[in-house]
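1. A structural model of the following input is requested.
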Amino acid sequence: MSLNPKPDRLIAKGQPRALILHLTDVNEGDVLPHMAEATDYVYAAFGVGDWNADLSPWPAPPVFGREPFGGHARETLDLLLNAALPGLPALPVIIGGYSLSGLFALWAHCEAPDAFRAAVAASPSVWFPGWDDYADAHAPHGAVYLSLGKKEPHARNRQMATVGEAIVRQAARLEGIPSILEWNEGNHFTDPEGRTARGFVWALEHMES
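-> Got it, this is the predicted structure:
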């Protein structure tokens with residue numbers, strides 16, 4: 001487990017009405033400059049060192065490279081609920097992230113619906129093996145933001161190229177709750193900070209719908 005239960009960055013803005021819980025890659029850039037017009041939140045960022053192990057909901061073989069997925073999301077979620085959140089302001093929580101962190105946010109929103117008011121899944125890894133079966137059987141109960149780059153379904157990796165159809169299926173599962181699927185220009189590596197920030201701004205506006 002690589003996650004520190006104390007946030008790497010904790011910032012309050014305005015009169016906070018929500019806590020943004022952002023799980024980030026250690027090399028990920030700053031989303032806050034892209035949220036300049038948003039206000040009234042506490043932002044807590046947690047850097048995840050072992051991305052493939054700590055954010056994957058169950059073990060899976062490598063999809064790219066040689067590193068498998070460890071399936072330790074349950075331990076990460078337990079740490080967030082039992083160690084991280086008790087030390088943070090008691091506010092409605094928006095959980096979110098980019099790529100595999102976005103998938104984790106969707107999964108956590110389903111697993112702990114009472115803990116999270118909204119989930120932000122920017123370019124989430126909904127191509128993950130077994131995700132469709134899980135998502136068909138588990139529904140989130142709160143606002144959900146989804147996004148994807150228009151070029152992502154054209155990835156060279158065959159498994160990752162299924163992401164376009166997968167995210168459309170995911171969006172269809174959200175009928176009846178506040179949700180949106182936004183399509184962005186570019187591929188998976190285009191403006192991750194801006195895409196994630198737009199999701200957080202949307203969630204702040206819709207989490208109480």
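2. okay, CA-based contacts and neighbour counts for the rest of this
-> Noted.
3. and residue 163, what does it touch?
-> 125-127, 152-153 (C-alpha atoms under 8 Å, 6 or more residues apart in numbering).
4. if we use 10 Å, what do you get?
-> Residue 163 makes contact with 123-128, 148-149, 152-155, 169, according to C-alpha atoms under 10 Å, 6 or more residues apart in numbering.
5. and if you look at residue 55?
-> Counted by C-alpha under 10 Å, 6+ apart, residue 55 has contacts 23, 48, 69-77, 100-105, 107-108.
6. and residue 73, by the same measure?
-> Residue 73 touches 1, 51-59, 79, 104, 107-108, counting by C-alpha under 10 Å, 6+ apart.
7. mind listing which of these are in helices?
-> Of the contacts of residue 73, the ones assigned to helices by DSSP state H are 51-54, 79, 104, 107-108.
8. got a markdown table for the residues you listed, with distance to residue 14 and neighbour count too?
-> Listed next are the ones in helices among the contacts of residue 73 as a markdown table, based on distance: C-alpha to C-alpha, whole Å; neighbours: other C-alpha atoms under 10 Å:
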| residue | distance to residue 14 | neighbour count |
| --- | --- | --- |
| 51 | 32 | 22 |
| 52 | 35 | 21 |
| 53 | 36 | 22 |
| 54 | 32 | 25 |
| 79 | 28 | 16 |
| 104 | 28 | 30 |
| 107 | 30 | 26 |
| 108 | 27 | 24 |
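9. identify the farthest-apart pair in those.
-> Pairwise distances across the ones in helices among the contacts of residue 73 peak at 16.8 Å for 52 and 79 (criterion: C-alpha to C-alpha).
10. count of residues packed around the residue nearest to residue 139 when sequence neighbours are not counted?
-> Leaving aside its sequence neighbours, residue 139 sits nearest to residue 110 (C-alpha to C-alpha, 6 or more residues apart in numbering; 5.8 Å). By the other C-alpha atoms under 10 Å criterion, the neighbourhood of residue 110 contains 21 residues.
11. who touches residue 110 in this structure?
-> Counting by C-alpha under 10 Å, 6+ apart, residue 110 has contacts 104, 116, 119, 134-135, 137-142.
12. in ChimeraX, select just the buried ones from those residues.
-> To isolate the buried ones among the contacts of residue 110 in ChimeraX, judged by 16 or more other C-alpha atoms under 10 Å, type:
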select :104,116,119,135,139,140,141,142
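13. narrow the contacts of residue 110 to those in strands?
-> residue 119 (DSSP state E).
14. of all the contacts of residue 110, which comes closest to residue 202?
-> Lowest distance from residue 202 to those (C-alpha to C-alpha) belongs to residue 119, with 10.3 Å.
15. ok, the closest one touching residue 196?
-> No - at 11.1 Å, residue 119 does not count as touching residue 196 under the criterion of C-alpha atoms under 10 Å.
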